[in-house]
Structure formats: structure tokens, C-alpha cells
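Visitor: Would you be able to build a 3D model of this:
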Amino acid sequence: MEKTMLTNESVDMEKVKEIYHELFGFVPEPTQARHVFTQEVRIEDLPLHEEFRKNSMESKHIPEKYVQLSLFGMLLMVMAPGAKVHLIASRRAGATWDEIYDVTKLAFLFRGLSAFNLGMVFVQEVKEIELKNSEIDNSGN
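Guide: Just a heads-up that it's a prediction; the model follows:
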């Protein structure tokens, strides 16, 4: 039987962080907490976590933008704070505000106004972040 789990491999945390920086521009706080605690108590599980994340989030058939938009919508449906980081990843992958609005409307259809409102809070926060970042980029050039 072929062994596919990575339990005996060490994890290059810099490479792991690069993945999150590419997706979100930072490592989300819950992810940081998971990494730190797992390294403390069960370091052999960390490669499993990252391999599962990679296998689940990377698609040969769905472009990254749509993967991230889908994750944003799914997490919004369950009112999860993680929706915000996938909104950020959607934007980094090229999603427009109109596409994000439409995904938020889908959550509204099946989850209700509270999901729509939460989506709009996240949209406002991400728009503010993007504005600040563009101001920093423009002032430095």
C-alpha cells in the first residue's frame, strides 16, 4: 500500500507562510494559531493539515478566482469569519466587486439578510484595506 500521508516529513514553515501570503497577503490569525499550537503538541500533524488544505483548495478544473469566490460564499452561508480572508483571496485572484456582490446575494437568498449584512461588512473592510494599500503604493512611487 502506497503511503500518501506526510507524517514523517518536516515542514518548511517559510514555504507554508508563502502559500498564505500568495493567497491572502498575510497568514490569517486562526491559521497562525493552528500552526503554533500544532508545532507545540503534534508537529507530525502539520504536514497533514497543509496537504489536506492544498488538496481541497487547489483545483485542476476550477480557476482560482472561482474557487475563492465559492469559499467566500460557503463561509458566508455559515456566518464564518473566514469568509473575509476568502473575499481578500477572491480579489487577489481577480474577482470584481460585482462578482463579490452577486455571491453575497446568493448567500442572502439561502441564509438571509444577516449573511448579506455580514458580507457587506467584510466588503467595506476589504475596500478600506485596498484603499489604504493603494495610497501607500502611490505615495511610495
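Visitor: where exactly do the helices run in this protein?
Guide: Secondary structure of the chain by DSSP state H: the helices cover 13-24, 29-41, 46-57, 64-77, 83-92, 97-111, 113-140.
Visitor: Kindly reformat these as TSV containing mean neighbour count and mean pLDDT.
Guide: For every residue, glycine as well, the C-beta is placed using N, CA and C. Putting the helices of the chain into TSV (neighbours: other Cβ atoms under 10 Å; pLDDT from 0 to 100) gives the following:
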stretch	mean neighbour count	mean pLDDT
helix 13-24	14	91
helix 29-41	12	94
helix 46-57	15	92
helix 64-77	20	97
helix 83-92	24	97
helix 97-111	16	97
helix 113-140	13	92
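Visitor: quick one: the residue nearest the centre of the chain from Leu46, how far?
Guide: For the chain, the residue nearest the mean C-alpha position is His86 (3.7 Å; Cα atoms, centre = their mean). Distance of His86 to Leu46, given as Cβ to Cβ, to the nearest Å: 22 Å.
Visitor: now swap in Leu109 and tell me
Guide: For Leu109, the distance to Leu46 equals 38 Å [Cβ to Cβ].
Visitor: Likewise for Arg92?
Guide: Counting by Cβ to Cβ - Arg92 and Leu46 are separated by 24 Å.
Visitor: so what's Val11 up against?
Guide: By Cβ atoms under 8 Å, 6 or more residues apart in numbering, the contact list for Val11 reads Ile43, Leu46, Pro47, Glu50.
Visitor: what's the distance between the last one and Val16?
Guide: Pointing back at Glu50 there. For Glu50, the distance to Val16 equals 6 Å [Cβ to Cβ].
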